[in-house]
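S.K.: pasting the sequence and the predicted coordinates here, then a few questions.
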Amino acid sequence: MITTITHNHTSYTVDLSKPLDISILLRASKNNVNAWYIGAPNIEPVTDGKWVGKVSKGASTNFNNIYFNPHGHGTHTECVGHITPEFYSINNALTQFFFIAEVISVTPQKQGEDTIITKQHIATAVTSASPEALIIRTLPNTEEKNNTQYSHTNWPYLTEEAAVYIRTLGVKHLLIDLPSVDKEKDEGKLVAHKAFWNYPQATRHQATITEMIYVKNTITDGMYLLNLQIASFENDASPSKPILYKIL
C-alpha cells in the first residue's frame with residue numbers, strides 16, 4: 001500500500017501497510033500504566049438481575065462497561081480545555097489527523113531532586129526546520145513504560161523554556177512518553193502546558209498534547225507521517241492511538 005502525499009509543496013512516500021503504533025494498550029489490570037493516584041481501569045459485563053452480558057455466562061453477546069480515566073490510564077490526547085475554566089473539547093480542537101512529525105530521543109538531566117528536559121535537549125535533537133508534530137522519546141527507553149505506576153515518582157518533565165521553544169518551532173502537536181509534560185507535583189502551576197498552548201496570552205486552541213505514548217527502540221529518530229487518532233469524546237481529552245508511517 002505505497003502512497004505519495006503532497007504537503008506544502010513537498011511529496012512524501014509512505015507504506016500504509018506498515019503502521020508503527022506508539023500508543024499504550026489499556027487493560028483491566030493493576031499492571032496497566034497508571035498515574036495521578038487513581039485505581040486500575042475496570043472492564044466488566046453489564047448485569048441485570050441474573051443476566052450477565054457475557055457469552056460464557058449464557059448471554060448472546062459480550063456487553064461490557066468500561067471505566068477508565070483518559071489522563072491517568074494510558075495514551076491520551078488533550079486540548080487547552082484541560083487547564084481552562086471554560087469548556088473546550090478535544091473533539092472540536094483536533095479536526096485534522098495527518099501530520100509530518102519528527103521523532104527525537106532525549107536523555108533528561110538531573111537538577112536537584114528533579115529530572116528535566118531542557119530547551120537545549122530539544123534544540124540539539126530536532127533536525128526539521130518546523131515539524132507540525134514533535135514526538136519525544138525519553139531515555140532510557142524500556143518496555144516497562146507500558147505498565148509503570150507513575151504516582152509519587154516525580155517523573156521527568158519539560159522546563160517552561162523548552163515548551164516555549166517547541167511552540168516557537170511551530171509545533172502544533174506535541175507527543176511525549178510521560179504522564180505529563182509538567183512536573184508531577186508543581187502546586188498547579190502547569191507552566192509547560194501553558195507555555196506550549198500560549199495560555200492565556202494568545203491561546204492556541206488547535207494545538208494538542210499527547211501523553212503516555214511508547215516509542216519502541218526499533219523506531220529510529222527522524223521524520224514520519226503521523227496519524228493522530230482520537231475517540232469522539234466531548235471532553236478535554238480522549239484516549240488516542242497515534243500511528244507513525246516511515247517516510248520512504
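M.R.: Everything's here; your move.

S.K.: is the residue most central in space within the chain bridged to anything, and to what?
M.R.: The chain has Thr210 as the residue nearest its centroid, 2.4 Å off, counting by CA atoms, centre = their mean. Per DSSP bridges, the residues bridged to Thr210 are Thr77, Leu175.

S.K.: distance of it from Arg27?
M.R.: From Thr210 across to Arg27, the span is 19 Å (CB to CB, to the nearest Å). C-beta: built from backbone N, CA, C; applies to glycine.

S.K.: same thing with Trp155?
M.R.: Relative to Arg27, Trp155 is positioned 21 Å away (CB to CB).

S.K.: same check on Lys57?
M.R.: The gap separating Lys57 from Arg27 is 21 Å, by CB to CB.

S.K.: those two - which one has more neighbours?
M.R.: With neighbours defined as other CB atoms under 10 Å, Lys57 and Arg27 compare such that Arg27 has more, 17 against 12.

S.K.: identify the residue nearest that one in space, chain neighbours excluded?
M.R.: In space, and not counting its chain neighbours, Arg27 is closest to Pro41: 6.9 Å by CB to CB, 6 or more residues apart in numbering.

S.K.: for Val80, same thing?
M.R.: Trp197 (4.6 Å).

S.K.: look up phi and psi at Glu161.
M.R.: phi -60, psi -40 (degrees, to the nearest 10).

S.K.: per-residue confidence for it?
M.R.: For Glu161, the pLDDT comes out at 98.

S.K.: could you do Ser130 as well?
M.R.: Reading off the confidence values, Ser130 has pLDDT 85.

S.K.: so how far is Phe98 from it?
M.R.: Using CB to CB, one obtains 16 Å as the distance from Ser130 to Phe98.

S.K.: the more surrounded of those two?
M.R.: Applying other CB under 10 Å to Ser130 and Phe98 shows that Phe98 carries more neighbours, namely 16 against 13.

S.K.: quick one, what contacts the more buried one?
M.R.: Taking CB atoms under 8 Å, 6 or more residues apart in numbering, we find Phe98 in contact with 5, 225-228.

S.K.: let's see if you can find the most crowded of these.
M.R.: Most neighbours among the contacts of Phe98, by other CB under 10 Å: Leu226, with 27 neighbours.

S.K.: for that one, list each beta-bridge partner.
M.R.: Applying DSSP bridges to Leu226 yields these beta-bridge partners: Phe99, Leu244.

S.K.: correct me, but it touches Ser240?
M.R.: No. Contact criterion CB atoms under 8 Å: Leu226 and Ser240 do not qualify, at 11.2 Å.

S.K.: which residues do the two both contact?
M.R.: With CB under 8 Å, 6+ apart, Leu226 and Ser240 have no common neighbours.

S.K.: how near is the residue located most distally from the centre of the chain to Gly58?
M.R.: Largest separation from the mean C-alpha position in the chain: Lys50, at 40.3 Å (CA atoms, centre = their mean). To Gly58, Lys50 is 9 Å away according to CB to CB.

S.K.: if anything else comes up later, I'll come back, but that's it for now.
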